[in-house]
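S.K.: Turn this into a model:
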Amino acid sequence: MQLAARTPPGVPRLARVGLFRVLAEASRLQVLALCAEEELSVSELAVLLDDSQPQVSRKVSALREAGLLDARRDGTRTFLKVAADSKSDAVVADALAEGRRLCLADGSLARIPKVVAGREDVGLTHFEAPATTATTSVPASPEHLAHLAALGPLLGGRQLAVDVGTGDGLTLDVLAPLYSRVIAVERSRAQLARVAERVAARGFHHVSLFSGSYEDAALVERVDSAGGADLVFAGRTLHHASRPVQAVAAFARLLKKGGFLVVLDYLPHDDDALRSESGDAWLGFPVDDVRRFLAEAGLTVLADVPIPDAFHPQGPDAKLTWHAWVAQRPPPS
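M.R.: Below you'll find the model as predicted:
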C-alpha cells in the first residue's frame with residue numbers, strides 16, 4: 001500500500017519502512033499532531049514543545065520530506081499543517097492519534113490558543129504606544145460629512161454599522177453620516193481614547209464605543225439586541241488577526257440577514273518590517289483566500305475591488321497594494 005501524501009518536488013515517496021522510521025520518534029508525532037490542530041510556524045512549535053528552533057526544524061524537515069506536512073510562506077515565516085491527503089493513510093492516522101495523546105499529556109495541545117493569540121501581541125503593543133500629534137488631530141474642513149449625509153437616503157439598510165478594529169476612527173467620518181447608529185470596536189484603550197476625541201469633536205452622538213474584541217460575547221449581544229448589523233466594516237483589520245478565518249466568521253456573525261461585510265486589506269507583500277513597525281501578524285492575503293474565508297463564513301461574495309494607489313499615498317503601508325472584498329449574508333427567503 002502506498003502512502004497517500006504530497007511530497008515536495010524531486011523528493012521520492014518513502015517506502016513503508018521509511019514511513020515507519022519517520023514516525024518512530026515521539027517528538028515528530030507531537031509536531032504532526034499539533035500541525036493537525038492548527039497551522040503553526042517553527043517558532044510557535046518550539047514554544048509549544050519547549051524545544052529549540054533548530055531541533056524543531058529538523059523534525060519538520062523529516063516530516064515534510066515524507067510528504068506529511070504542507071508548508072506556506074508568509075514573508076520570512078513558514079507555516080506548517082498536516083497534508084490533507086495523508087490523513088487517509090491508516091498508519092498516519094494512528095500516528096496522529098498517538099501524537100495527540102502525547103500532546104494532551106504534556107499540555108502542549110492546550111497551549112495552542114495562547115500561542116496563536118500571541119500573534120496579535122505585537123500589534124496591540126504598537127497601538128497602545130503614544131501617538132504623534134499628526135495622528136491624534138481631527139482633520140478640519142468636515143464638509144464631506146454633509147455631502148455623505150445628503151447621499152444617505154440613496155442607500156438601503158442604514159440602521160446599524162459596526163466598525164471592527166476602528167483604529168483611529170477615521171472610517172467613522174464615512175459611516176456616521178450614513179447610518180443611524182454606529183458601533184466602533186477597538187481592543188487598544190489608547191486608540192479608543194483617540195476615537196472618543198474624534199467622536200466628541202465631530203458631534204457623533206449616535207456612535208458608541210466598544211472596548212474589546214469583535215469576538216466578545218458582549219458585542220454580539222449588543223448587536224443582536226439591535227437586530228443585527230446592516231454593515232460590518234473591517235478596514236485593515238484582518239492582517240492583525242491571529243486566525244483570519246475565524247475573524248471573518250466573527251465579522252459575519254454580527255450581520256443581520258441581508259447585511260453586508262466589507263473587508264479592506266492588503267494583497268500579499270514581502271515587507272517583513274511591518275511586523276515590528278505596525279504589529280502586522282500577516283503579510284497580506286491572496287484575493288482567492290479572502291473569498292474562501294467569506295464563503296466558509298456562509299456569505300455570498302459580491303465583488304472584490306482593487307484600490308488605486310493614489311487613494312492611500314501616505315503612511316508605512318502606502319507602498320502596499322490595497323484591496324477590498326464585499327460579501328452579503330443571504331437575505332431572508
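S.K.: Have a look at the protein and report its longest strand.
M.R.: Determined from DSSP state E, the single longest strand within the chain is strand 255-266.
S.K.: now for that strand, which elements pack on it?
M.R.: Secondary-structure packing of strand 255-266 (3 or more C-beta pairs under 8 Å, 6 or more residues apart in numbering; DSSP states H and E): strand 229-235, helix 244-253, helix 287-296, strand 322-328. Yep, even glycine has a C-beta here, placed from its N, CA and C like the rest.
S.K.: can we see that at 6 Å?
M.R.: strand 229-235, strand 322-328 (3 or more C-beta pairs under 6 Å, 6 or more residues apart in numbering; DSSP states H and E).
S.K.: pretty sure Asp304 contacts Trp325?
M.R.: Yes: with contacts counted by C-beta atoms under 6 Å, Asp304 reaches Trp325, the gap being 4.7 Å.
S.K.: which one of those two has more residues nearby?
M.R.: Neighbours were counted for Asp304 and for Trp325 using other C-beta atoms under 10 Å; Trp325 has more, 24 against 16.
S.K.: pretty sure Leu302 is in contact with Trp325, am I right?
M.R.: No: with contact defined as C-beta under 6 Å, Leu302 does not count as touching Trp325 (8.7 Å).
S.K.: For Ala62, give its distance to Leu19.
M.R.: Noted for Ala62: a distance of 11 Å to Leu19, by C-beta to C-beta, to the nearest Å.
S.K.: which one of these two has more residues nearby?
M.R.: Shown here are Ala62 and Leu19; by other C-beta under 10 Å, Leu19 has more neighbours (22 against 17).
S.K.: Now do the helix or strand containing that one, average pLDDT.
M.R.: For Leu19, the element it lies in under DSSP states H and E is helix 16-22. Helix 16-22 shows a mean pLDDT of 83.
S.K.: That one: what's the following helix or strand?
M.R.: By DSSP H and E, the next helix or strand past helix 16-22 is helix 26-37.
S.K.: can you give me the offset of that next one from its chain's centre?
M.R.: Taking C-alpha atoms, centre = their mean, to the nearest Å, the mean C-alpha location of helix 26-37 is offset from the chain mean by 24 Å.
S.K.: what does stretch 222-236 give?
M.R.: 18 Å.
S.K.: Go through it and flag the buried ones.
M.R.: The neighbour-count criterion (16 or more other C-beta atoms under 10 Å) identifies Arg222, Val223, Ala226, Gly228, Ala229, Asp230, Leu231, Val232, Phe233, Ala234, Gly235, Arg236 as the buried residues of stretch 222-236.
S.K.: Leu254 is in contact with the second one, correct?
M.R.: Yes: taking C-beta under 6 Å as the definition, Val223 is a contact partner of Leu254 at 4.8 Å.
S.K.: Find the residues that touch each one of those two.
M.R.: Ala229 (C-beta atoms under 6 Å, 6 or more residues apart in numbering).
S.K.: Can you add mean pLDDT and distance to Ala33 and give the helices and strands packed on strand 255-266 back as a markdown table?
M.R.: Formatted as a markdown table, these follow (pLDDT from 0 to 100; distance: least, C-beta to C-beta, whole Å):
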| stretch | mean pLDDT | distance to Ala33 |
| --- | --- | --- |
| strand 229-235 | 97 | 32 |
| strand 322-328 | 97 | 33 |
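S.K.: can I get those in CSV with distance to Leu261?
M.R.: CSV is the format used below for those (distance: least, C-beta to C-beta, whole Å):
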stretch, distance to Leu261
strand 229-235, 5
strand 322-328, 5
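S.K.: Relative to Ser86, which of those strands is closest?
M.R.: strand 322-328 (31.4 Å; C-beta to C-beta).
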